[in-house]
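Undergrad: Provided below are the primary sequence and the corresponding predicted coordinates.
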Amino acid sequence: MTRTMHTSALVLLNDSPRLPLIAALAVRFAATVTKWEQRRRSRVNLGRLDNRMLKDVGLSRHQAHRETTRYFWMN
């Protein structure tokens, strides 16, 4: 939850018209890296779910495996 709030704060900061170019680029980079980390962590945790838990979220083992083998930068 803290990282989600952090990401939204970065997005708000990035939309600020008063940021110098280098600061805007740094904020955009930080937001992108944060998003990548969230995806990586979600995919790792998805790979740890057993078949019963996967069924609860509506995924098959094959679908979960396909998602967990994706690279962190892939949406």
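TA: Noted; the coordinates are in hand. Numbering: from 1, shown residues only.
Undergrad: Now N51. Nearest residue, chain neighbours left out?
TA: The spatial neighbour of N51 that comes closest, neighbours along the chain excluded (Cβ to Cβ, 6 or more residues apart in numbering), is R61 at 6.2 Å. In this view, the C-beta of every residue, glycine as well, is placed from N, C-alpha and C.
Undergrad: Identify the spatial nearest neighbour of V57, chain neighbours not counted.
TA: With Cβ to Cβ, 6+ apart as the criterion, V57 has its nearest non-adjacent residue at 7.6 Å, and that residue is L49.
Undergrad: tell me the phi and psi of that neighbour?
TA: Dihedral pair for L49: phi -70, psi 140, per degrees, to the nearest 10.
Undergrad: thought it was touching A64?
TA: Yes - in this structure, L49 is within contact of A64 by Cβ atoms under 8 Å, at 6.7 Å.
Undergrad: Among the two, which residue is more densely surrounded?
TA: Neighbours around L49 and A64, counted as other Cβ atoms under 10 Å, are more numerous at A64. The numbers are 19 against 16.
Undergrad: dump the residue contacts of that one.
TA: A64 is in contact with L46, G47, L49, L54, counting by Cβ atoms under 8 Å, 6 or more residues apart in numbering.
Undergrad: circling back to that earlier point, ok, now how distant is the residue nearest to N51 from L46?
TA: In this structure, R61 lies at 11 Å from L46, with Cβ to Cβ, to the nearest Å as the measure.
Undergrad: Thanks a lot, catch you later.
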